[in-house]
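>>> mind looking at a prediction? Sequence and model below.
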Amino acid sequence: MAENSSHAGSCFCGAVKFNVTGDPAAMGYCHCASCRHWSAGPVNAFSLWQPGALEVTQGADKIGTYNHTPISYRKWCKNCGGHLFTDHPTMGLVDVYAAMIPTLAFTPGVHVNYQETVLRIHDGLPKFKDMPAEMGGSGDLLPE
């Protein structure tokens, strides 16, 4: 992906629109109970970006925030309830849910919080018990 590439996304109803520009810092799957509960799915596909790569272009006043843990400030549209992204201030990154960026070629590189998985995935990607060491985790890997 080129540094000047840009991808548009929006909430479910289209009231909130945004762009991400450049390359994501990482892409993968999170298996933690918090992400599963928030996404209402067995796994959450993430794309992590530098905060400056994300620009809300419409409906910033319609974005709600819920802070369940100190590492996750989850954002959604107050109009339709559609999920948008999660600020991760301790990592200095923002997670724009991969499903919110339809033109992004999602190429996952890791599974994180795999110790909490409810859906075993056999794809050959590294399965971190929690998080990679450089992101504040143990860096321990688990078998598929």
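Yes, it's here.

>>> average model confidence for whichever strand or helix holds residue 111?
Element membership of residue 111, judged by DSSP states H and E, is strand 110-112. Averaged over strand 110-112, pLDDT sits at 97.

>>> show residues contacting that strand.
Applying Cβ atoms under 8 Å, 6 or more residues apart in numbering, the external contacts of strand 110-112 come out as 26, 28-32, 117, 121, 125-128, 130-132, 135, 137. (Each C-beta comes from the backbone N, C-alpha and C, glycine too.)

>>> repeat for stretch 4-19
With contact meaning Cβ under 8 Å, 6+ apart, stretch 4-19 is reached by 20-23, 54-60, 62-63, 76-77, 79-85, 96, 100-104.

>>> buried ones among those residues?
20, 22, 54, 56, 59, 62-63, 76-77, 79, 82-85, 96, 100-101, 104 (16 or more other Cβ atoms under 10 Å).

>>> of those residues, which belong to helices?
Counting by DSSP state H, no part of the buried ones among the contacts of stretch 4-19 is found in helices.

>>> so which of those are in strands?
20, 54, 56, 63, 76-77, 83-85, 96 (DSSP state E).

>>> okay if I get those residues as TSV plus distance to residue 37?
Shown next, in TSV, are these (distance: Cβ to Cβ, whole Å):
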residue	distance to residue 37
20	25
54	23
56	25
63	20
76	14
77	19
83	12
84	17
85	17
96	19
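
>>> before we move on, back to that, return the distance of the strand holding residue 111 from the chain's centre.
Chain-centre distance of strand 110-112: 12 Å, with Cα atoms, centre = their mean, to the nearest Å.

>>> buried residues, that strand. List them.
Judged by neighbour count (16+ other Cβ under 10 Å), strand 110-112 contains these buried residues: 110-112.

>>> what is the nearest of the residues you listed to residue 39?
residue 112 (13.9 Å; Cβ to Cβ).

>>> for residue 11, see how far away that closest one is.
Distance, residue 112 to residue 11, using Cβ to Cβ, to the nearest Å: 25 Å.

>>> next: residue 83.
Using Cβ to Cβ, residue 83 is found at 8 Å from residue 11.
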